[in-house]
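Chemist: need the 3D shape of this:
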Amino acid sequence: MAYRMIAERENESLNIERQSSLIIVAKARIFASEGWHVVITDADGKSYAPPEFDQLLPA
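Modeler: Alright, predicted model coming up:
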């Protein structure tokens, strides 16, 4: 399963894809903490905002 993170800030945009939910959530949290608007999308097309990132982590 692939996860895609899209981070945007001012006139910058970044698109990262990873197989691991742990890695993509870690990266997304770093970018969000630095003021980027971050969204993660899973293989089913469902989008997650920063408050929902924990839903992507294994139990």
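Chemist: going by C-alpha atoms from here, please, whenever you check contacts or count neighbours.
Modeler: Fine.
Chemist: can you list the weak-confidence ranges in this protein?
Modeler: 1 (pLDDT under 70).
Chemist: any chance you could map the helices in it?
Modeler: Listed in chain order, the helices of the chain (DSSP state H) span 21-33.
Chemist: list the buried ones in stretch 45-53?
Modeler: Neighbour counts over stretch 45-53 (16 or more other C-alpha atoms under 10 Å) mark 48, 53 as buried.
Chemist: and that stretch, how far from the chain's centre?
Modeler: Its chain's C-alpha centre and that of stretch 45-53 lie 7 Å apart, by C-alpha atoms, centre = their mean, to the nearest Å.
Chemist: what does stretch 16-34 give?
Modeler: 5 Å.
Chemist: against residue 50, how distant is residue 42?
Modeler: 14 Å (C-alpha to C-alpha, to the nearest Å).
Chemist: ah, wrong one, I meant residue 23
Modeler: Residue 23 is 14 Å from residue 50, by C-alpha to C-alpha.
Chemist: what's the answer for residue 18, then?
Modeler: Distance from residue 18 to residue 50, by C-alpha to C-alpha: 17 Å.
Chemist: same deal with residue 43?
Modeler: 18 Å.
Chemist: anything in contact with each of residue 42 and residue 50?
Modeler: Counting by C-alpha atoms under 8 Å, 6 or more residues apart in numbering, residue 42 and residue 50 have no shared contacts at all.
Chemist: residue 44: neighbouring residues, count only.
Modeler: 9 (other C-alpha atoms under 10 Å).
Chemist: measure it to residue 34 for me?
Modeler: 28 Å.
Chemist: kindly report the same for residue 57.
Modeler: 21 Å.
Chemist: so for these two, which sits in the more crowded spot?
Modeler: More crowded of residue 57 and residue 34, by other C-alpha under 10 Å: residue 57, with 13 against 10.
Chemist: identify the residues contacting that one.
Modeler: Applying C-alpha under 8 Å, 6+ apart, the residues near residue 57 are 21, 22, 25.
Chemist: first-to-last residue distance for stretch 12-25?
Modeler: Rule used - C-alpha to C-alpha; the end-to-end distance of stretch 12-25 is 20 Å.
Chemist: tell me which residues in that stretch are buried?
Modeler: In stretch 12-25, the ones that count as buried by 16+ other C-alpha under 10 Å are 21, 24, 25.
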